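Engineer: Need the 3D shape of this:
(2 chains)
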Amino acid sequence: GEDVEQSLFLSVREGDSSVINCTYTDSSSTYLYWYKQEPGAGLQLLTYIFSNMDMKQDQRLTVLLNKKDKHLSLRIADTQTGDSAIYFCAESPHGGSQGNLIFGKGTKLSVKP
Amino acid sequence: GAVVSQHPSWVICKSGTSVKIECRSLDFQATTMFWYRQFPKQSLMLMATSNEGSKATYEQGVEKDKFLINHASLTLSTLTVTSAHPEDSSFYICSARDLSDSRFSGNTIYFGEGSWLTVV
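Structural biologist: Residues are numbered from 1 along each chain as shown, chains lettered A, B, ... in the order given. Coordinates of the predicted model:
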């Protein structure tokens, strides 16, 4: 079945780069997403990548996709304390035709000053 | 940009009562909305797919008689937790897909702010 795996914790120092990794199983996933969840809040869509792309850059965010290995990563450059949150990787199963997402357990990013 | 709004953000109710949570798409129409549940320190699990004008589709293990979903218009879906019990206490969050967002080929999926339910 569909499954998304992420490491649970990541700790970095302010100004460093953060890299959050994710693996997924559904090869038909058309889009892959990264969401950010701050404490007590909902999900904020950070960025996404279409499955025929290898990389997407959006300001401080860089998404890398290795479709062969079904591996997705999110790199945050110049990480700030305001980036501390839980980051969820999500895949759109069945080619994204239905609109529901399969989420990983989330990676808690802690940024130390 | 498109926004999905949920109400209420926080609700405390007594065991045995029912609670209704609303999910609205504010500037786009959503024929389909999704309801997720998140337990503390866990991921989001899809509960059901809400379809405008028809019955919701529930995921395996989700009691449809307990979690009533109504999608009466293209901008509103409601989730009613009936006869709530403490084990229903959780974070409920909805999402909707903006099919009109051409930047994303109709796959822009937005989430509401979520609703914290505490049953005492």
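Engineer: The host helix or strand of A:S11: which residues count as buried?
Structural biologist: Taking DSSP states H and E as the criterion, A:S11 maps to strand A:9-13. Neighbour-count burial for strand A:9-13, with 16 or more other Cβ atoms under 10 Å in any protein chain shown as criterion, is recorded at A:10, A:12. Placement of C-beta: from N, CA and C, glycine included.
Engineer: can you give me how far that strand is from the chain middle?
Structural biologist: Computed by Cα atoms, centre = their mean, to the nearest Å, the chain-centroid distance of strand A:9-13 equals 15 Å.
Engineer: Which strands and helices lie in contact with it?
Structural biologist: strand A:18-24, strand A:107-112 (3 or more Cβ pairs under 8 Å, 6 or more residues apart in numbering or on different chains; DSSP states H and E).
Engineer: So which residues on chain B come close to chain A?
Structural biologist: Taking Cβ under 8 Å from any Cβ of the partner chain as the measure of proximity, chain B contacts chain A at B:6, B:32, B:34, B:42-46, B:49, B:93, B:95, B:97, B:104-105, B:107-114, B:116.
Engineer: What are the boundaries of the strands in chain A?
Structural biologist: Along chain A, the stretches classed as strands by DSSP state E are A:4-6, A:9-13, A:18-24, A:31-37, A:43-50, A:55-58, A:61-66, A:71-76, A:85-91, A:102-103, A:107-112.
Engineer: quick one: low-confidence parts of chain A?
Structural biologist: A:1-2, A:94-98 (pLDDT under 70).
Engineer: For it, what lies in contact range of chain B?
Structural biologist: Residues of chain A lying close to chain B by Cβ under 8 Å from any Cβ are A:30-31, A:33, A:35, A:40-45, A:48, A:50, A:88, A:92, A:96, A:98-106.
Engineer: Quick one, which of the residues of chain B next to chain A are buried?
Structural biologist: Restricting those to buried positions leaves B:6, B:32, B:34, B:43-46, B:49, B:93, B:95, B:97, B:107-114, B:116, with burial counted as 16+ other Cβ under 10 Å.
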